[in-house]
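Participant: Predicted model and sequence follow; I will ask about them next.
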Amino acid sequence: MRILIAEDDLASRKFMQQMLKSYGECDIVVDGIEAVDAFLLAWEEKEPYDLLFLDIMMPKLDGLKALKIIRDLEKDKKIKPEDRIKIIMTTALNEQQTVYSAFDLGCEAFAAKPINQSKMREVLSKMGVEPIQ
């Protein structure tokens, strides 16, 4: 499984990378533009990401805008819904409207920071994502 972590905070990046390494190969980017670029590059190389953790508050391009761009690109590429990248939004914000917006744009899950490892493992399991044996 290929995982992309888009997170501008160093401590959060390191924590998430450590938590997710048992699920697969993790790449890291620090803003929304890099997330979109990494998504495109992975598709061009025919090794698309399976899972994206996308922080909402990032410099250059926020996570909601990056989410919309990625979902639009998937439509343009005629990627079937079941083959789309699974996207989990992460944020320190606790605004209900932000959560609704993220789901409207096509994310599969939402995780509030600080991220709770056991809750995150439960969410991943419900999404069909399990650690590598």
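Facilitator: Perfect, I can see it now.

Participant: And the pLDDT for residue 130?
Facilitator: Residue 130 is assigned a predicted lDDT (pLDDT) of 90.

Participant: Contact partners for it?
Facilitator: Residue 130 sits next to 23, 124 when contact means Cβ atoms under 8 Å, 6 or more residues apart in numbering. C-beta here means a position set from N, CA and C on the backbone, and glycine is covered the same way.

Participant: Regarding it, what is its secondary structure?
Facilitator: Under the three-state scheme (DSSP: H, G, I helix; E, B strand; the rest coil), the conformation of residue 130 reads as coil.

Participant: Give the buried residues for stretch 16-23.
Facilitator: If you call a residue buried by 16 or more other Cβ atoms under 10 Å, then stretch 16-23 has these buried ones: 16, 17, 19, 20, 23.

Participant: tell me which element the third one falls in.
Facilitator: Take DSSP states H and E as the rule and residue 19 turns out to sit in helix 10-20.

Participant: Centre of the chain to the next helix or strand after that helix, how far?
Facilitator: Counting by DSSP H and E, the element after helix 10-20 in chain order, helix or strand, is strand 25-29. In this view, strand 25-29 has its centroid 10 Å away from the chain centroid, taken as Cα atoms, centre = their mean, to the nearest Å.

Participant: before we move on, what about stretch 35-55?
Facilitator: 9 Å.

Participant: Ok, stretch 15-28 next?
Facilitator: Going by Cα atoms, centre = their mean, the spacing between the C-alpha centre of stretch 15-28 and its chain's C-alpha centre is 12 Å.

Participant: gap between the two ends of that stretch?
Facilitator: 12 Å (Cα to Cα, to the nearest Å).

Participant: I'd like the average pLDDT over that stretch.
Facilitator: Here the mean pLDDT over stretch 15-28 is 94, rounded to a whole number.

Participant: Looks like residue 77 contacts residue 44 (just checking).
Facilitator: No. Using Cβ atoms under 8 Å, residue 77 is not in contact with residue 44, being 10.6 Å away.

Participant: higher neighbour count, these two?
Facilitator: With other Cβ atoms under 10 Å as the criterion, residue 77 and residue 44 differ in neighbour count, and residue 77 comes out ahead with 12 against 9.

Participant: Nearest spatial neighbour of the more buried one, chain-adjacent residues omitted?
Facilitator: In space, and not counting its chain neighbours, residue 77 is closest to residue 43: 6.9 Å by Cβ to Cβ, 6 or more residues apart in numbering.
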